[in-house]
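Student: Can you look at this prediction? I've put the sequence above it.
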Amino acid sequence: MEKNLIDICRKFGVEGECRFANVITNGHINSTYSLGFVNNGDTRVYVLQRINKYVFQKPDEVMENVIAFNPCGVCEKKMCLMCELN
């Protein structure tokens, strides 16, 4: 599972060496993970969350709401993960 989580981070442009991948267990609905990457001496922690499709049967609509309420603030996109990474 750790390799899959790292692969997902790579798709969002996360670079560096993964130092840890942990399951966050205090949630009740979605599966949540934290991953720590070191790149050029800089350590960053990222949180990934898998939407529970049994609870949220239209995950695309959930993501539309996330994007609508989280504008980037740096570029013109609603939610720019690349700006978050830089």
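Tutor: Done, it's in.
Student: and whichever helix or strand residue 36 is part of, how far from the chain's centre?
Tutor: Secondary-structure assignment from DSSP states H and E places residue 36 in strand 31-39. Averaging C-alpha positions (Cα atoms, centre = their mean, to the nearest Å) puts strand 31-39 8 Å from its chain's average.
Student: i'd like the first residue to be 34 from this point on
Tutor: Shifting the count to begin at 34 puts that one at strand 64-72.
Student: Okay, angle between whichever helix or strand comes after it and strand 64-72 too, please.
Tutor: Helices and strands here follow DSSP H and E; after strand 64-72, the next one along the chain is strand 75-83. Between the direction of strand 75-83 and that of strand 64-72, the angle (axes from the mean of the first three to the mean of the last three Cα atoms, to 10 degrees) works out to 160 degrees.
Student: Extract the CA atoms of the next helix or strand after strand 75-83 and return them as PDB.
Tutor: The C-terminal neighbour of strand 75-83 among helices and strands, as given by DSSP H and E, is helix 92-102. What follows is helix 92-102 as a C-alpha-only set of coordinates in PDB (Å, rounded to 0.1, in the frame of the first residue of the first chain):
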ATOM      1  CA  PRO A  92     -17.300  11.500  -5.100                       C
ATOM      2  CA  ASP A  93     -17.000  13.800  -8.200                       C
ATOM      3  CA  GLU A  94     -19.600  16.100  -6.600                       C
ATOM      4  CA  VAL A  95     -17.700  16.000  -3.300                       C
ATOM      5  CA  MET A  96     -14.600  17.100  -5.100                       C
ATOM      6  CA  GLU A  97     -16.400  19.900  -6.900                       C
ATOM      7  CA  ASN A  98     -17.400  21.300  -3.400                       C
ATOM      8  CA  VAL A  99     -13.900  21.000  -2.200                       C
ATOM      9  CA  ILE A 100     -12.600  23.000  -5.200                       C
ATOM     10  CA  ALA A 101     -15.400  25.600  -4.900                       C
ATOM     11  CA  PHE A 102     -14.500  26.300  -1.200                       C
END
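Student: All set, thanks.
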